[in-house]
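Enquirer: fold the following, please.
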Amino acid sequence: MTLKEALCVLPQYALPQHSLSILMGKLTHCENPAVKNLFIQQIIKHYGVNMAEALQQDIQQFKSFNDFFTRELKPGVRPLTTGRNAIACPADGAVSQAGAITDGTIFQAKGKSFTAQELLGGCAERAAPFQNGMFTTIYLSPKDYHRLHMPLTGTLKEMVHVPGRLFSVNTITTNNVPGLFARNERVCCLFDTEIGPMALVLVGAIFVSSIETVWHGVVTPPTIEKVRTWDYADNAPTLNIGEEMGRFNMGSTIIVLFGKDKMQWDSGFVADKAVKLGEKIGELT
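Expert: Numbering: from 1, shown residues only. Below is the predicted model:
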């Protein structure tokens, strides 16, 4: 770890991560026009947010910064792949990693990894369908669209809220905090699809004030001490490929898991590649 990396990463261990995220949540939901407009203007300028893609482009019309951050896109600006066996990208962002789950282990970065069982809340039965399967980790930056969509049509079976820390998920922290994505608080959504189980894991991070899904609403907060689960054996919602499934109120990371020999990633779908919602990133095998 370089000095620059140490100065970025090590203080995070001591920070009151959840308290800071609660404070950020209050700020981002503030409806005072002077406060929220200034906040929005600075983020647009600093990160180069492309407001031409937004359905609502007048910042005065957003109720709060969070309303801006989770803004809708204009119809048609993210065309959904039409390939017969295609898997669609679930979010705007950049590929952190993509590849195979080797003996239950998921590669993070620079010799660091974590297991599917750890990621999915410690349950071996829940992780078993993904043994030697495939995974991708996609990072959403502050400039990106922050709604998450289905990479494949699926019927929800279980949702799991796993407690944890709230480290940053930027590249420096990902490279230096062991097992980061299995340590941070997260919401795991387990679906049945035409190729078997699919997991969409919404990973929290510092200043992510909440994670929500379209069928449940806000899942986190509250901060919890034990794993919470919801079973959808009865009246399970089915969401079509490309349909919205959730959102981050402030940015973070989504991890997608598939089973063994069920699909493959496109050859160009590799670490550091910029991706857009709806584009083809893999195909069924």
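Enquirer: how close does residue 78 sit to residue 276?
Expert: 6 Å (CB to CB, to the nearest Å). Just so you know, the C-beta spots here come from the backbone N, C-alpha and C atoms, and that holds for glycine as well.
Enquirer: these two: who's more crowded?
Expert: The neighbour count for residue 78 versus residue 276, taken as other CB atoms under 10 Å, is higher for residue 78 (18 against 15).
Enquirer: related to what we said a few turns ago, what's the overlap in contacts for residue 78 and residue 276?
Expert: Contact criterion CB atoms under 8 Å, 6 or more residues apart in numbering; residues shared by residue 78 and residue 276: residue 92.
Enquirer: wait, isn't residue 131 in contact with residue 106?
Expert: No: counting by CB atoms under 8 Å, residue 131 sits too far from residue 106 to count as a contact (11.4 Å).
Enquirer: neighbour-wise, which of those two wins?
Expert: residue 106 (25 against 15).
Enquirer: for the protein, which segments count as helices?
Expert: Ranges of helices in the chain, per DSSP state H, are 3-14, 17-28, 33-47, 65-69, 116-119, 124-127, 171-176, 180-183.
Enquirer: same list (those) but as CSV, adding mean pLDDT, distance to residue 238 and mean neighbour count.
Expert: Below are the helices of the chain laid out as CSV (pLDDT from 0 to 100; distance: least, CB to CB, whole Å; neighbours: other CB atoms under 10 Å):
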stretch, mean pLDDT, distance to residue 238, mean neighbour count
helix 3-14, 80, 39, 12
helix 17-28, 79, 31, 17
helix 33-47, 93, 35, 14
helix 65-69, 92, 28, 23
helix 116-119, 96, 24, 22
helix 124-127, 96, 20, 15
helix 171-176, 86, 33, 18
helix 180-183, 93, 27, 23
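Enquirer: of all the ones you listed, which one is nearest residue 197?
Expert: Proximity to residue 197, assessed across those by CB to CB, is greatest for helix 124-127 (9.1 Å).
Enquirer: returning to what we had before: which neighbours do residue 131 and residue 106 share?
Expert: residue 116.
Enquirer: pLDDT below threshold where in the stretch 151-285 of the chain?
Expert: For the stretch 151-285 of the chain, residues meeting the criterion pLDDT under 70 lie at 208-209, 251.
Enquirer: how about residue 221: what's its closest non-neighbour residue?
Expert: Nearest residue to residue 221 in three dimensions, chain neighbours excluded: residue 210, at 5.9 Å (CB to CB, 6 or more residues apart in numbering).
Enquirer: who is the one you found paired with across the strands?
Expert: Following DSSP bridges, residue 210 is listed with bridge partners residue 249.
Enquirer: surely it and residue 220 touch.
Expert: Yes: contact status for residue 210 versus residue 220: in contact at 5.8 Å, counting by CB under 8 Å.
Enquirer: one step back: could you dump the helices of the chain to JSON lines with distance to residue 266?
Expert: Formatted as JSON lines, the helices of the chain follow (distance: least, CB to CB, whole Å):
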{"stretch": "helix 3-14", "distance to residue 266": "31"}
{"stretch": "helix 17-28", "distance to residue 266": "35"}
{"stretch": "helix 33-47", "distance to residue 266": "27"}
{"stretch": "helix 65-69", "distance to residue 266": "29"}
{"stretch": "helix 116-119", "distance to residue 266": "22"}
{"stretch": "helix 124-127", "distance to residue 266": "25"}
{"stretch": "helix 171-176", "distance to residue 266": "22"}
{"stretch": "helix 180-183", "distance to residue 266": "22"}
